[in-house]
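Chemist: I'll drop the sequence and a predicted model, then ask my questions.
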Amino acid sequence: MILTVTLNTSIDKAYQLDGALEAGTVMRVARCSNSAGGKGLNASRAVASCGATVLATGFVGGHNGSLLLDLLGRDGIPQRFVRVGSETRSCINVLEGQGRSTEFLEPGASVTGEEFRQLVMLVREEAGRAGVVTMSGSVPAGLPKTAWAELVSTVRAEGVPVILDSSGASLERAVRAATKPTVIKPNVDEISQLVGHRIASIPEVVDAARRLHGEGIRDVIVSLGADGAVLVTDEGAFRGSSPSITVLNPVGSGDTLVGAYAVAMERGLPAPERLRYAMSRATANCLSPETGRFDADTADDLLARTVVEPVR
């Protein structure tokens with residue numbers, strides 16, 4: 001079972017336009033869809049799309065929180081959330097006819113220390129039944145920047161590997177903590193912040209990932225967007241490249257990579273195959289209108305055409 005933890009959940013609204021987004025005018029939405037959002041819930045749907053068992057947890061509150069749980073139920077995602085006193089946020093993704101995406105992200109509502117303690121206990125309980133735990137997204141207002149670090153330590157104490165996909169001070173605190181996440185997935189800007197200098201080339205990406213690996217993080221995956229990804233592990237350094245596609249909806253592709261990588265870890269795949277499997281599912285997500293959902297046959301076709309090579 002994969003346990004996914006999302007502290008900043010949301011109702012994600014996708015607005016599909018037939019034409020281009022025009023500022024300062026009234027825009028008619030051709031199609032609208034709601035989904036249970038937050039990076040970890042995108043990862044949850046990806047885990048389910050891979051055919052693995054998932055349990056989603058985190059915080060929900062208010063009427064939007066009730067809607068989120070209902071949407072997760074429609075998705076067939078088992079869940080066990082902590083109810084909080086604040087209202088779950090909404091986020092909007094405007095998809096234009098030409099494929100461009102514009103996101104409007106509300107800030108997450110405040111969470112209390114007592115509500116966080118309830119989640120820590122829940123995560124500790126469920127981690128003992130999990131093969132891998134993913135932790136995704138930002139930390140809500142009201143919680144310290146060490147929140148992810150505390151949750152990582154809680155899960156690692158149970159002997160379970162953790163994938164952390166966050167950014168900023170919350171990611172940095174977890175990376176610098178005594179008990180570190182098993183896997184992190186920064187992009188180039190985020191790994192630049194972690195190592196303290198701007199990274200401008202693939203060799204520099206590999207060097208930075210090797211540095212973080214040497215500091216105790218088993219797998220460092222660096223997302224390069226359209227240029228693929230770099231993975232540094234005990235088994236070596238690898239670069240993955242995806243086949244060229246026409247993107248329909250890029251939102252959640254990084255989250256899909258996290259969910260699929262967790263599945264690959266649970267299945268015991270070697271490092272190059274973990275990266276290849278996860279990248280093929282992330283690319284398949286770009287071809288689906290539903291975030292975190294993809295066609296299995298399409299993903300398998302992409303798997304056969306995804307290239308992973310060792311790098312020095």
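Modeler: In hand now; what should we look at? Residues are numbered from 1 along each chain as shown.
Chemist: so where do the helices sit in this structure?
Modeler: Assigned by DSSP state H, the helices in the chain fall at 39-49, 62-75, 113-127, 147-156, 168-176, 188-195, 202-214, 253-266, 271-286, 296-305.
Chemist: low-confidence stretches in the chain?
Modeler: In the prediction, the chain carries no residues with pLDDT under 70.
Chemist: how does it look with 80?
Modeler: Within the chain, the ranges that satisfy pLDDT under 80 run 99, 247-251, 289-292.
Chemist: start and end of stretch 163-182, how far apart?
Modeler: Stretch 163-182 has an end-to-end distance of 6 Å (criterion: CA to CA, to the nearest Å).
Chemist: got the buried residues for it?
Modeler: Buried residues in stretch 163-182, defined by neighbour count with 16 or more other CB atoms under 10 Å: 163-166, 170-175, 177, 180-182. (Glycine included, C-beta is placed from N, CA and C.)
Chemist: equivalent analysis for stretch 194-204, please.
Modeler: For stretch 194-204, using 16+ other CB under 10 Å, the buried residues are 194-195, 199, 202, 204.
Chemist: gap between the residue nearest the centre of the chain and Gln118?
Modeler: Centroid-nearest residue in the chain, with CA atoms, centre = their mean: Asp255, separated by 2.9 Å. The spacing between Asp255 and Gln118, counted by CB to CB, to the nearest Å, is 25 Å.
Chemist: could you do Pro181 as well?
Modeler: 22 Å.
Chemist: do the same with Val155
Modeler: In this view, Val155 and Gln118 are 16 Å apart by CB to CB.
Chemist: okay, those two: which has more neighbours?
Modeler: Neighbours were counted for Val155 and for Gln118 using other CB atoms under 10 Å; Val155 has more, 26 against 15.
Chemist: state the distance from that one to Arg276.
Modeler: Going from Val155 to Arg276 by CB to CB gives 26 Å.
Chemist: and what of Ala226?
Modeler: Where Arg276 is concerned, Ala226 sits at a distance of 17 Å (CB to CB).
Chemist: what about those two, which has more around it?
Modeler: Neighbours were counted for Ala226 and for Arg276 using other CB under 10 Å; Arg276 has more, 24 against 11.
Chemist: how many residues are close by the closest residue to that one other than its chain neighbours?
Modeler: Leaving aside its sequence neighbours, Arg276 sits nearest to Val308 (CB to CB, 6 or more residues apart in numbering; 4.6 Å). The tally of other residues near Val308 (other CB under 10 Å) stands at 19.
Chemist: so Thr283 sits against Leu302, correct?
Modeler: Yes - Thr283 lies in contact with Leu302 (CB atoms under 8 Å); the separation is 5.0 Å.
Chemist: so what sits against both of those two?
Modeler: Applying CB atoms under 8 Å, 6 or more residues apart in numbering, one finds that Thr283 and Leu302 are jointly contacted by 242-243, 245.
Chemist: can you list contacts of stretch 193-205?
Modeler: 168, 171-172, 175, 186, 188, 191-192, 208, 211-212, 222, 224, 227, 230, 239, 311.
Chemist: of those residues, grab the buried ones for PyMOL.
Modeler: Only the buried entries of those go into this PyMOL selection, using 16+ other CB under 10 Å:
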select buried, resi 171+172+175+186+188+191+192+208+212+222+230+239
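Chemist: name the member of the buried residues of stretch 163-182 with the shortest distance to Asp18.
Modeler: Comparing the buried residues of stretch 163-182 against Asp18 with CB to CB places Asp165 closest, at 33.2 Å.
Chemist: now for that closest one: which residues touch it?
Modeler: Asp165 neighbours (CB under 8 Å, 6+ apart): 39, 43, 134-137, 184-185, 254-255, 258.
Chemist: how much space separates it from Gln98?
Modeler: In terms of CB to CB, Asp165 sits 29 Å off from Gln98.
Chemist: what do you get for Leu7?
Modeler: As judged by CB to CB, Leu7 and Gln98 stand 34 Å apart.
Chemist: Leu41 now?
Modeler: 28 Å.
Chemist: ok, those two, which is more surrounded?
Modeler: Each of Leu41 and Gln98 has its neighbours counted (other CB under 10 Å); Leu41 has more, 32 against 9.
Chemist: was I right about the more buried one contacting Thr4?
Modeler: Yes - counting by CB under 8 Å, Thr4 is a contact partner of Leu41 at 7.1 Å.
Chemist: between these two, what contacts are shared?
Modeler: Counting by CB under 8 Å, 6+ apart, the contacts common to Leu41 and Thr4 are 56, 58.
Chemist: list the contacts for Asn42?
Modeler: Asn42 sits in contact with 136, 252, 255-256, 259, 291-292, where contact means CB under 8 Å, 6+ apart.
Chemist: 7 Å instead?
Modeler: Shown in contact with Asn42 (CB atoms under 7 Å, 6 or more residues apart in numbering): 252, 255-256, 291-292.
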